[in-house]
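how would this look folded up:
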Amino acid sequence: MKLIQILKVAVIPVLTVFSLVSASNIALADYLNSQGSGGDYRYELWSSDDNSSYYLKVWLYEASPTSSPHTTTRGFDSSREALIYFDCNYAERSLPECPK
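Numbers count the residues shown, from 1 in each chain. Prediction:
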């Protein structure tokens, strides 16, 4: 009987901690921060739940809102960096930050 009590006292807390850690990893999600357009394209700016990474989903301007993105960019360290990338590469804006 003591073995069963020891197992309950030791196993239940370990399983509880494990399930909480697993649930917190599963709950990670991306969030839509903003939307916009420029040139022949429109974008959605997304971030990780801790705002440590940003990326763009880019569509042709005329594309259906329910269609798959034309492209999804790599991760950026800031929303500013992501939006400058869109402006330089899709909106064809002439910004000082744009590579020549």
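
tell me if residue 82 really is in a helix.
Yes - according to DSSP: H, G, I helix; E, B strand; the rest coil, residue 82 belongs to a helix.

excluding chain neighbours, what is closest to it?
Spatial nearest neighbour of residue 82, excluding adjacent residues (Cβ to Cβ, 6 or more residues apart in numbering): residue 76 at 4.1 Å. In this view, the C-beta of every residue, glycine as well, is placed from N, C-alpha and C.

tell me how far that neighbour lies from residue 2.
Taking Cβ to Cβ, to the nearest Å as the measure, residue 76 falls 58 Å from residue 2.

residue 95 touches residue 85, doesn't it?
No - Residue 95 lies out of contact with residue 85 (Cβ atoms under 8 Å); the separation is 10.5 Å.

okay, the two: which has more neighbours?
Neighbours per residue, other Cβ atoms under 10 Å: of residue 95 and residue 85, the larger number sits with residue 85, 20 against 9.

ranges for the strands of this structure?
30-38, 41-48, 54-60, 71-72 (DSSP state E).

quick one: residues contacting residue 88.
95, 97, 98, 99 (Cβ atoms under 8 Å, 6 or more residues apart in numbering).

any regions of the protein where pLDDT drops low?
Where the chain drops to pLDDT under 70, the residues are 1, 3, 6-28.

go with 80
1-28, 100 (pLDDT under 80).

can you tell me how far residue 94 is from residue 70?
On the measure of Cβ to Cβ, residue 94 and residue 70 end up 22 Å apart.

okay, those two: which has more neighbours?
residue 70 (15 against 8).

surely the more buried one touches residue 62?
No - between residue 70 and residue 62 there is no contact under Cβ under 8 Å: 10.9 Å.
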